[in-house]
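1. Quick check, what structure comes out for this input:
(2 chains)
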Number of protein chains: 2
Amino acid sequence: MRDFSQDHRWLSINTATVRKQQGAEVPLSRIIDQCAERGIRAISPWRDQVAAAGLEATAHQLRAHGMALSGYCRGGFFPAADAAGLRAALDDNRRAIDEAKTLDAACLVLVVGALPGALEGTPHYTDLARARSEVFDGIAASLEYARQVGMPLAIEPLHPMQAADRACINTLEQALDICDALDANKTGALGVALDVYHVWWDPKLAQQIARAGKERLLAYHVCDWRLPTRDLLSDRGMMGDGVIELKKIRQWVEAAGFEGYAEVEIFSALDWWQRTGEDTLDTCITRHRTAV
Amino acid sequence: MRDFSQDHRWLSINTATVRKQQGAEVPLSRIIDQCAERGIRAISPWRDQVAAAGLEATAHQLRAHGMALSGYCRGGFFPAADAAGLRAALDDNRRAIDEAKTLDAACLVLVVGALPGALEGTPHYTDLARARSEVFDGIAASLEYARQVGMPLAIEPLHPMQAADRACINTLEQALDICDALDANKTGALGVALDVYHVWWDPKLAQQIARAGKERLLAYHVCDWRLPTRDLLSDRGMMGDGVIELKKIRQWVEAAGFEGYAEVEIFSALDWWQRTGEDTLDTCITRHRTAV
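-> Just a heads-up that it's a prediction; the model follows:
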C-alpha cells in the first residue's frame, strides 16, 4: 500500500466538501485557487459549479494550475416518468460526457437515479425493478457515446438509504454485474466510483473489490461515518472522525490495482460547511496523511 | 397469495408501533387490551415492556385473550468490549429465550448488535469483521440453548444505515449464510425475521427470499419507507405511505412458503407516536387490508 504519511500527492478534493464555507456558497474558481495554494493536485468539481464558472474558463484555470480531475460529478439520473424524460436524461448525459472531456476528467461519475420524482417527494412510480431497468438502458446508451468520445463512465453505488431517491444501484456487486454485462472485456470504458461512505458496511466488500480489479476501479472516495449520523444525506464525517476502516479498505483497493487519488467528498451541513475553506482543506490534508 | 382484503386475521402488531401514544409511554397491558378489542390476534412485545408488566402477568393476559406472539423482541447485541461483556450478552440471551418460551412466542428476534459502544457514540473498536465474528459465535452459543428449550431464533438483518450501532448483519444473504453454517439441515431452529424496511432496497431480495424458503422465514415485518426519511431510526411510515412494494414482497415471501403474520413495526417519533393508540391501530387494520 502506498505511504500517504509523507505528503498529499494522492489527495483529491471533491468540491462538494468546500462548496459551502461558513455557510455560504463559494465560487469554483476560488475553491480551485484554495486547493492550488495548498499543493493539492486534483479536484472533482460538480456540473452546476462548472456551469456557473464557465466551462472554458474552468478548463483554462485548471490547466494554469496543472490540476487534474479525479472525476467529474456527475452524470446519471436516468429513470424518468415518461419517454420524453428518458430522452432528456440521455441528452443531458451526453453533455456531461462532453464537459468531462473538455475538462480532461479521469471519469464521469454516474449517480444513476432511482424512482423518478422521489427526490421531490412525489415518485411517479414505485417499481424499483423498472427504475433499475431504466438505469441499465441509460448506462448502455451513454456508454456508446462515451466510448466514442473516450470518457470512462464510473457507476457509483450509493448507500441503500438513498435507494428511493438518488440511486437504485446500491452495492458494488450490483454495479459490477452491470459493468460485466455492458463491458465484458474490461476495456476501461466502464467501471465504478467506490465511495467508502456508501459501501463500508457491505459484508461482500473485500470480495467485490478484488473482483473489480484495476480496470473497474476508476475512482475512490473517502470520508467517514459519524456516530450518531443525524441526516441521511449531509452528515458525513471527516476521515478519522468515524468508524470506517479507511486503511483496511484502501489496502483492498490498492491490492486490486488501484493507483489513483483518494478523493475527499464530505457533505456536512452541520459541521464542515460551517467552517472556513482553509480550515476544512488543511484538515483534509492532515487526515489524508494520518487516517486515509 | 393470501387475500388480506376481507379481514385482519393475519395482522400482528409489534408493540413498538403503539408503545408511545400521544407522545407518552403506554403500559403493555393497555396495548394488549387495545389490540384484543380490535380482534387483533397476535402481537410482538419488547422485553423491557414485558419486564415492566411482569412476565407471568403478561403470559396470563395473553392467554386470557387467546393472543399469539408472532415474535419476541429481542435477543442479540452479542459483540462486547471484553470477555466479561461477551459472557454477559450470552447470559442475557438465555434469559430472553426463556422469556420467549414462557410467552409461547413463535420466535425470538435477534438484533445482533454491531460495534460495542457505538450506540452510545463511543465504539470500543471499529473492526467490523471482529463484530461479525462475535455475532456468529454468539448466535452459535445461543442456538445450542434455544434448541434445548425449543425456541426458534430469527436473525433480523438490519438496514445498512444501522450497521455501526445496532446490527452488523445487513442483508438477507448474509443472514442466510449464517443460518446455513449453523443449521445446515434447516431444522427450523434458526431462521430470519424479514422486515421490509431493512431489505426492500436489496437487488438480491427476491432471489434470497426464494433461497430462504419456509423453514427460514420465521417472521415478516411491514411498514413503509417515507420520502423524505428524516431520521435513521424513528421515521418509518405506515404501510401505503411510502415507496416499498409491499404486495410484491409479500408475494415473494408467500411463494417461498411463509404462512404467518404480517407484523406491523413502525418507529415514528414525529408522526404515529404522537397520535392516539386507537387511531394508529385502526389505521394498521385498514392498511393491512389495502396496502399489505
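2. okay, stretch A:183-200 in CSV with CA atoms only?
-> Extracted as CSV, the C-alpha positions of stretch A:183-200 are listed here (Å, rounded to 0.1, in the frame of the first residue of the first chain):
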residue,chain,number,x,y,z
ASP,A,183,-18.3,-4.1,-20.9
ALA,A,184,-17.4,-7.8,-20.6
ASN,A,185,-13.9,-7.3,-21.8
LYS,A,186,-13.0,-4.8,-19.1
THR,A,187,-11.9,-2.2,-21.7
GLY,A,188,-11.7,0.6,-19.1
ALA,A,189,-14.7,2.3,-20.6
LEU,A,190,-17.0,1.4,-17.7
GLY,A,191,-16.2,0.9,-14.1
VAL,A,192,-17.1,2.1,-10.6
ALA,A,193,-16.5,5.1,-8.3
LEU,A,194,-16.1,3.5,-4.9
ASP,A,195,-17.1,5.8,-2.1
VAL,A,196,-16.4,4.3,1.3
TYR,A,197,-19.4,6.1,2.8
HIS,A,198,-21.7,4.1,0.6
VAL,A,199,-20.1,0.7,0.8
TRP,A,200,-18.2,0.3,4.1
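3. which SS state does the nearest residue to A:A163 once chain neighbours are set aside fall under?
-> Distance criterion C-beta to C-beta, 6 or more residues apart in numbering or on different chains; nearest residue to A:A163, sequence neighbours excluded, is B:W201 at 3.6 Å. Where C-beta positions appear, they are placed from N, C-alpha and C, glycine not excepted. Judged by DSSP: H, G, I helix; E, B strand; the rest coil, the three-state class of B:W201 is coil.
4. Return the residues in contact with B:W201.
-> If a contact means C-beta atoms under 8 Å, 6 or more residues apart in numbering or on different chains, then B:W201 has A:L128, A:P160, A:A163, A:A164, A:C168, A:N170 as its contacts.
5. By neighbours, which of these wins?
-> Highest neighbour count within these: A:C168, with 29 neighbours (other C-beta atoms under 10 Å in any protein chain shown).
6. what about the closest residue in space to that one that isn't next to it in sequence, distance to A:K101?
-> Among residues not flanking A:C168 along the chain, A:A114 sits closest, at 4.2 Å (C-beta to C-beta, 6+ apart). Distance of A:A114 to A:K101, given as C-beta to C-beta, to the nearest Å: 27 Å.
7. ok, the two, which is more surrounded?
-> For A:A114 versus A:K101, neighbours defined as other C-beta under 10 Å are more numerous around A:A114 (30 against 15).
8. shouldn't that one be in contact with A:N170?
-> No: contact criterion C-beta atoms under 8 Å: A:A114 and A:N170 do not qualify, at 9.2 Å.
9. how about low-confidence regions in the stretch 151-292 of chain A?
-> Judged against pLDDT under 70, the stretch 151-292 of chain A has no low-scoring part.
10. could you pull out the strands for it?
-> A:153-155, A:190-195, A:217-222, A:262-264 (DSSP state E, counting those that start in this stretch).
11. Tabulate these in a markdown table, adding columns for mean neighbour count.
-> Below are those laid out as a markdown table (neighbours: other C-beta atoms under 10 Å in any protein chain shown):
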| stretch | mean neighbour count |
| --- | --- |
| strand A:153-155 | 28 |
| strand A:190-195 | 27 |
| strand A:217-222 | 26 |
| strand A:262-264 | 27 |
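12. Save the ones you listed as TSV, and put in distance to A:K247 too.
-> As requested, the strands of the stretch 151-292 of chain A are exported to TSV (distance: least, C-beta to C-beta, whole Å):
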stretch	distance to A:K247
strand A:153-155	23
strand A:190-195	15
strand A:217-222	10
strand A:262-264	11
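13. and these as a markdown table, adding distance to chain B?
-> Compiled in a markdown table, the strands of the stretch 151-292 of chain A are given as follows (distance: least, C-beta to the nearest C-beta, whole Å):
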| stretch | distance to chain B |
| --- | --- |
| strand A:153-155 | 13 |
| strand A:190-195 | 13 |
| strand A:217-222 | 15 |
| strand A:262-264 | 18 |
